[in-house]
Structures are given as structure tokens and as C-alpha cells.
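1. Predicted structure and sequence below. I'll ask about it afterward.
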Amino acid sequence: MIDLDVSVNIFLLAALLGLSVCIGFLLKKGKIAKKNGQLMKLEDEKLEAHAEILQLQKEIGALESMIKDPSSPVIAMKTGIKEEDTALTGKKPPDNSPNGKNKQNRTA
């Protein structure tokens, strides 16, 4: 039979264990610092985007206040469509009454 005689120095083993713990700690600390840097960069981009949105909203509000009548809280989507149609074509819009007569010509 083969007899293997292995001697282990307990102090060397403790030193290797401590060194590996320190190396692992430093590697993990570097990864965390890198992630924090990326997070700060994304937060800065987000803040810039929000500041730009707020600036545009402020400009839109200023333009709307110049255009809009202060007594009317509703912004009109379409205004004067029938008037524009008659002005462009020179014809009156069709009468949708059931008997087909124009309501403006009635006397009764």
C-alpha cells in the first residue's frame, strides 16, 4: 500500500482564506460601484428628460394662454367647419329634413 503523508500548515490555510475573502470583497465592491455609476447616469438622463418635458409644458401653457379666451375653459377642436365649407364651395349644406324642404324658406 501507498502511504501518503500530507502536512498542512494551518496558518498558511488561514492566510489563503483571508486573502480570498479580501479579493472577493474588492471584486464585489468594484461591481457595485460600476452599477451605482450606471444608476446615477440613468437618473441624470431621467431628470434631464423631465426638465425638458416641464419646459415644453410651460411653453405650451404660455402659448395657450396667449391664444385661448380666458373665459372659455374648453379648447375647441373644430370651429367653423360649416362656414368654411359654404365659403369654399359657394353652396349651402344639404338639408337633412325628412321632407327635403329647406327650413329657412318656411313661413309657418
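-> Received the coordinates, thanks.

2. Okay, now the unreliable bits of this protein?
-> 1, 68-76, 78-108 (pLDDT under 70).

3. residue boundaries of the strands in it?
-> For the chain, applying DSSP state E gives no strands.

4. in it, which helix has the most residues?
-> If each helix of the chain is counted by residues according to DSSP state H, the longest one is helix 10-67.

5. So which residues make contact with stretch 20-30?
-> For stretch 20-30, there are no surrounding residues in contact (Cβ atoms under 8 Å, 6 or more residues apart in numbering). Bear in mind the C-beta positions are built from the backbone N, C-alpha and C, glycine included.

6. Convert the C-alpha atoms of it to PDB, please.
-> Written as PDB, here are the backbone C-alpha positions of stretch 20-30 (Å, rounded to 0.1, in the frame of the first residue of the first chain):
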ATOM      1  CA  SER A  20      -9.500  35.100  -1.000                       C
ATOM      2  CA  VAL A  21     -12.100  36.900   1.200                       C
ATOM      3  CA  CYS A  22     -10.400  40.200   0.600                       C
ATOM      4  CA  ILE A  23     -10.200  39.600  -3.200                       C
ATOM      5  CA  GLY A  24     -13.800  38.600  -3.400                       C
ATOM      6  CA  PHE A  25     -14.800  41.700  -1.300                       C
ATOM      7  CA  LEU A  26     -12.800  44.000  -3.600                       C
ATOM      8  CA  LEU A  27     -14.300  42.500  -6.800                       C
ATOM      9  CA  LYS A  28     -17.900  42.800  -5.500                       C
ATOM     10  CA  LYS A  29     -17.200  46.400  -4.400                       C
ATOM     11  CA  GLY A  30     -16.000  47.200  -7.900                       C
END
